[in-house]
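Peer 1: 3D, please:
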Amino acid sequence: MSVAFSSDGTRIVSGSSNKSVQIWDASTGEELKRLDGHSECVQSVAFSNDDTRIVSCSNDKSVRVWDASTGIELMILNGHTNYVSSVAFSTDSTRIVSGSDDKFVRVWDASAGAELKRLSGHSDYVQSVAFSSDGNHIVSGSKDESVRIWDSATGAELRRLSGHSSWVQSVAFSSDGARIVSGSRDKSVRVWDVTKGVELRRIDGHSDWVRSVAFSGDGTHIISGSNDGSVRVWDASTGSELKKLEGHTDWVRSVAFSSDSTRIVSGSNDKSVRVWDAPRGTNPRILNGLSNWIRSVGISIEKSGIVPGSNDRDARRVYGHSDWVRSVAFSGDGTRIVSGSNDGSVRVWDASTGSKLMKLNGHSAWVRSVAFSSDSTRIVSGSNDKSVRVWDASTGEELKRLNSHYRYVSSVAFSSDGTRIVSGSEDKSVRIWDTSTGTLLRTLNSHSRRVLSVAFSGDGTRIASGSEDRSVRIWDTSTGTLLRRLNGHSDRVLSVAFSGDGTRIVSGSDDKSVRVWDASTGIELRILNGHSDSVQSVAFSGDGTHVVSGSTDWSVRVWDTLIGTELKRLNGHAATVYSVAFSSNGTRIVSGSRDDSVRVWDLVPWHSNPWEFASHGSWIISVPHRQRLMWVPQGLMKMLNLPNVLIISSEPPAKVDFTNSRIGPAWAACYTP
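Peer 2: Sure thing, here's the model as predicted:
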């Protein structure tokens, strides 16, 4: 629904009907971050002027502030009693303004989250709000067909601009604060004098509602996006149409200029974000990957990133998951794999053939975590729908639904005897449940931020938890006592796991490191460095001699836990690896990724692989010579099956075979006259 550039122009932010806010690299179109937290569609997004924060608003009636680098949710601003349609930062980033269907405009302290002012006057929904560059004024547009100018300090209404004959969908100030542009369902764009309150110009040309408008940085141009599917560029002085940018196949809901006015970003109901060259009107980049309407987009000041929000539900797949794979696990005997996905389903696969055995439906939102009981008779899953569910692993029947968490469930695990389940949630709590009765046995509160990962020790006497507060904590399962706090990570702890004998804990973090700890003393035994981005998932092999890790850098890595060396880097995924696990005998690894695929890696013959993917790249290289054999587009990487890897994907994998290939002067041996 909404798009915006960062101040430096390096990033774009977008908000969408899929309830998410997304950040994109404005140059490459790569998705950098996805910010989840809203429970309804995201209506509007914006960067702070220093690009350190993002503000978003939603039909869930909340305004949320995020750290633009880490994606961490900094605060939730509650107060509106109906859908929040529009948000913006003041130029000095100290205040936030929001407009809502509750007819109010509210001004907030951007640091403390306190409501500073409530501006009352509109008689119907407030559709759009903006600060003047000096922060002294606020403009708002409403379903009551008026544009209003307010004193931001006192909250007094200074002027009411009348002229539109239908809803005012979008408003914006020129950089000097002398003019306001507005777009309306009456299909017109209008320019107003702020001081006098008079209409300077009416611009007609769109054949349907005007959804979004903006001034260029120097105030010489205006852009508009419309339900007619077009983006148009206008001369702000004469009102003449300079360019018509066509390419979207549905309503254009949001438009924005980069700070240097060289680029335009637009978001549409066709589920794409487009970045246009403003002087030429060409469309050099289309950002796809969203499965629902783009409500809002924005560009960073440094021009490197884009953030979209969407209603994604990608239904392109014939088999396999149709969205990101968040969690994977082997059954105890290694014959099956369970996976949980953003498509809301839990699926069970044959670990040898990759064939789908079962699809477990019931969750109404993303499935964040899955696990088998040690006897492989049950499966537990945790979801963004705030529930923990227990399933019969043979029939797929839902046995229990555990409700108590009041925010997303991030992680779940069985105790080794299968009698208890532990869950961690974004409500900052760890909860222990009786598997048979579904009774909540204990709630462990100590973390100061969201709990992202939980694990039982092998004997079930302890629980480890990792949190957004950067700590790993160890708890006594029976009493709920906090036994130890492990400090060392400098960013969110995304994953934790015990070794089989319970003597060590491994953790993975946004700080790019894997750390091994003594579970009894809390001493940090080893730091495993090598990943170039966040470590999303970690696990010990059954004998505790190896650790596997999956990362946002797309790689799966195998480490020697005794000396801390990287033994193997498994490349092939075409996006973030969210989850990794060893089979019980340590001969295979399963991984789940944002590329919607599950991969099973056979480790035993790996040393004999003649070719593999180069690190974080699209080249297939020969292992003995380290020479490039073939370049593969990134979009096809997830479909390419290399030796000793089983791919479970939404698209049939293709095999490559270089058995008869030759490198160097011997290439002629491949030629048969």
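Peer 1: hey, which helix or strand in this structure has the poorest pLDDT?
Peer 2: Least confident helix or strand, the chain: strand 294-301 with a mean of 43, by mean pLDDT, DSSP states H and E.
Peer 1: what packs against the helix or strand following that one?
Peer 2: Downstream of strand 294-301, the next assigned helix or strand under DSSP states H and E is strand 325-330. Packing partners of strand 325-330 (3 or more C-beta pairs under 8 Å, 6 or more residues apart in numbering; DSSP states H and E): strand 336-341, strand 367-372, strand 577-582, strand 588-593. Using the backbone N, CA and C atoms, a C-beta is placed for each residue, glycine as well.
Peer 1: partner strands of the last one, parallel or antiparallel?
Peer 2: Here the strand partners of strand 588-593, with direction, are listed using DSSP bridges: strand 577-582 (antiparallel), strand 598-602 (antiparallel).
Peer 1: And those strands, which one averages the lowest pLDDT?
Peer 2: Least confidently modelled of these is strand 598-602, at a mean of 89 by mean pLDDT.
Peer 1: Report the angle between it and strand 336-341.
Peer 2: On the basis of axes from the mean of the first three to the mean of the last three C-alpha atoms, to 10 degrees, strand 598-602 is oriented at 140 degrees to strand 336-341.
Peer 1: Adding distance to Ser39 and mean neighbour count, write the helices and strands packed on strand 325-330 out as TSV.
Peer 2: Putting these into TSV (distance: least, C-beta to C-beta, whole Å; neighbours: other C-beta atoms under 10 Å) gives the following:
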stretch	distance to Ser39	mean neighbour count
strand 336-341	19	26
strand 367-372	15	26
strand 577-582	21	27
strand 588-593	24	27
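Peer 1: can you tell which of the ones you listed is closest to Trp251?
Peer 2: strand 336-341 (28.9 Å; C-beta to C-beta).
Peer 1: now the strands paired with strand 588-593 as CSV including distance to Ala214?
Peer 2: Output for these, formatted as CSV (distance: least, C-beta to C-beta, whole Å):
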stretch, distance to Ala214
strand 577-582, 36
strand 598-602, 43
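Peer 1: quick one, which of those strands is nearest to Ser85?
Peer 2: Taking those one by one with C-beta to C-beta, strand 577-582 is closest: 32.7 Å.
Peer 1: Contacts for the closest one, please.
Peer 2: Residues outside strand 577-582 that contact it (C-beta atoms under 8 Å, 6 or more residues apart in numbering) are 324-330, 536-542, 546, 548-552, 554-556, 588-594.
Peer 1: Can I get it in PDB, CA atoms only?
Peer 2: What follows is strand 577-582, C-alpha atoms only, in PDB (Å, rounded to 0.1, in the frame of the first residue of the first chain):
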ATOM      1  CA  VAL A 577      18.600 -20.200   5.500                       C
ATOM      2  CA  TYR A 578      16.200 -20.000   8.400                       C
ATOM      3  CA  SER A 579      16.600 -23.500   9.900                       C
ATOM      4  CA  VAL A 580      19.100 -26.400  10.000                       C
ATOM      5  CA  ALA A 581      19.200 -29.800  11.800                       C
ATOM      6  CA  PHE A 582      21.300 -33.000  11.800                       C
END
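Peer 1: Send over stretch 204-211 as PDB, restricted to the C-alpha atoms.
Peer 2: Extracted in PDB, the C-alpha atoms of stretch 204-211 (Å, rounded to 0.1, in the frame of the first residue of the first chain):
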ATOM      1  CA  ASP A 204      -6.400  16.800 -14.600                       C
ATOM      2  CA  GLY A 205      -5.300  13.800 -16.600                       C
ATOM      3  CA  HIS A 206      -5.900  10.700 -14.600                       C
ATOM      4  CA  SER A 207      -9.000   8.700 -15.600                       C
ATOM      5  CA  ASP A 208      -9.500   7.300 -12.100                       C
ATOM      6  CA  TRP A 209      -8.900   8.000  -8.400                       C
ATOM      7  CA  VAL A 210      -5.600   9.700  -7.500                       C
ATOM      8  CA  ARG A 211      -4.200   7.600  -4.700                       C
END
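Peer 1: Can you list the low-confidence ranges for this structure?
Peer 2: The chain contains residues with pLDDT under 70 at 1, 279-319, 604-645, 647-673.
Peer 1: How is the chain partitioned into domains?
Peer 2: 2-301, 330-602 (automatic domain parsing).
Peer 1: what about the last one, start to end distance?
Peer 2: With C-alpha to C-alpha, to the nearest Å as the measure, the ends of domain 330-602 fall 13 Å from one another.
Peer 1: so how far is that domain from its chain's centroid?
Peer 2: 19 Å (C-alpha atoms, centre = their mean, to the nearest Å).
Peer 1: okay, the helices and strands packed on strand 325-330 in TSV with distance to Arg449 next?
Peer 2: Output for the helices and strands packed on strand 325-330, formatted as TSV (distance: least, C-beta to C-beta, whole Å):
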stretch	distance to Arg449
strand 336-341	23
strand 367-372	16
strand 577-582	20
strand 588-593	25
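Peer 1: between those, which one is nearest to Ser85?
Peer 2: The nearest among these, by C-beta to C-beta, is strand 367-372 at 29.3 Å.
Peer 1: closest to Ser513 out of the helices and strands packed on strand 325-330?
Peer 2: Closest of the helices and strands packed on strand 325-330 to Ser513 is strand 577-582, at 15.7 Å (criterion: C-beta to C-beta).
Peer 1: and the angle for the closest one with strand 325-330?
Peer 2: Going by the same axes, to 10 degrees, strand 577-582 makes 0 degrees with strand 325-330.
Peer 1: quick one: buried residues of stretch 560-572?
Peer 2: 561, 564, 568-572 (16 or more other C-beta atoms under 10 Å).
Peer 1: Now find how far off-centre stretch 327-338 is within its chain.
Peer 2: The gap between where stretch 327-338 is centred and where its chain is centred comes out at 26 Å by C-alpha atoms, centre = their mean.
Peer 1: OK, contacts around the residue nearest to Thr195 when sequence neighbours are not counted?
Peer 2: Nearest non-adjacent residue to Thr195, counting by C-beta to C-beta, 6 or more residues apart in numbering: Ala178, 7.2 Å away. Each residue near Ala178 by C-beta under 8 Å, 6+ apart is listed here: 193-195, 219.
Peer 1: burial count for His405?
Peer 2: Using other C-beta atoms under 10 Å, His405 has 24 other residues around it.
Peer 1: what sits against it?
Peer 2: 386-388, 423, 425, 427, 429, 431.
Peer 1: 6 Å - rerun?
Peer 2: Contact partners of His405, counting by C-beta atoms under 6 Å, 6 or more residues apart in numbering, are 386, 425, 427.
Peer 1: Once you drop chain neighbours, what's closest to it?
Peer 2: Closest residue in space to His405, ignoring its immediate chain neighbours: Ser425 at 4.2 Å, by C-beta to C-beta, 6+ apart.
Peer 1: Point to the residue nearest the middle of this structure.
Peer 2: The chain has Arg34 as the residue nearest its centroid, 1.7 Å off, counting by C-alpha atoms, centre = their mean.
Peer 1: Find the nearest non-adjacent residue to it, please.
Peer 2: Arg34's closest residue in space is Gln22 (C-beta to C-beta, 6+ apart), at 5.1 Å.
Peer 1: Produce a PyMOL select command limited to the buried residues of the contacts of strand 577-582.
Peer 2: With 16+ other C-beta under 10 Å as the criterion, this PyMOL line picks the buried residues out of the contacts of strand 577-582:
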select buried, resi 324+325+326+327+328+329+330+536+537+538+539+540+541+546+548+549+550+551+552+554+555+556+588+589+590+591+592+593+594
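Peer 1: that older thread, now render the buried residues of stretch 560-572 as CSV, adding secondary structure.
Peer 2: CSV is the format used below for the buried residues of stretch 560-572 (DSSP: H, G, I helix; E, B strand; the rest coil):
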residue, secondary structure
Thr561, coil
Gly564, coil
Lys568, strand
Arg569, strand
Leu570, strand
Asn571, coil
Gly572, coil
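Peer 1: What is the nearest of those residues to Ser478?
Peer 2: Of all these, Thr561 has the smallest distance to Ser478: 28.5 Å, by C-beta to C-beta.
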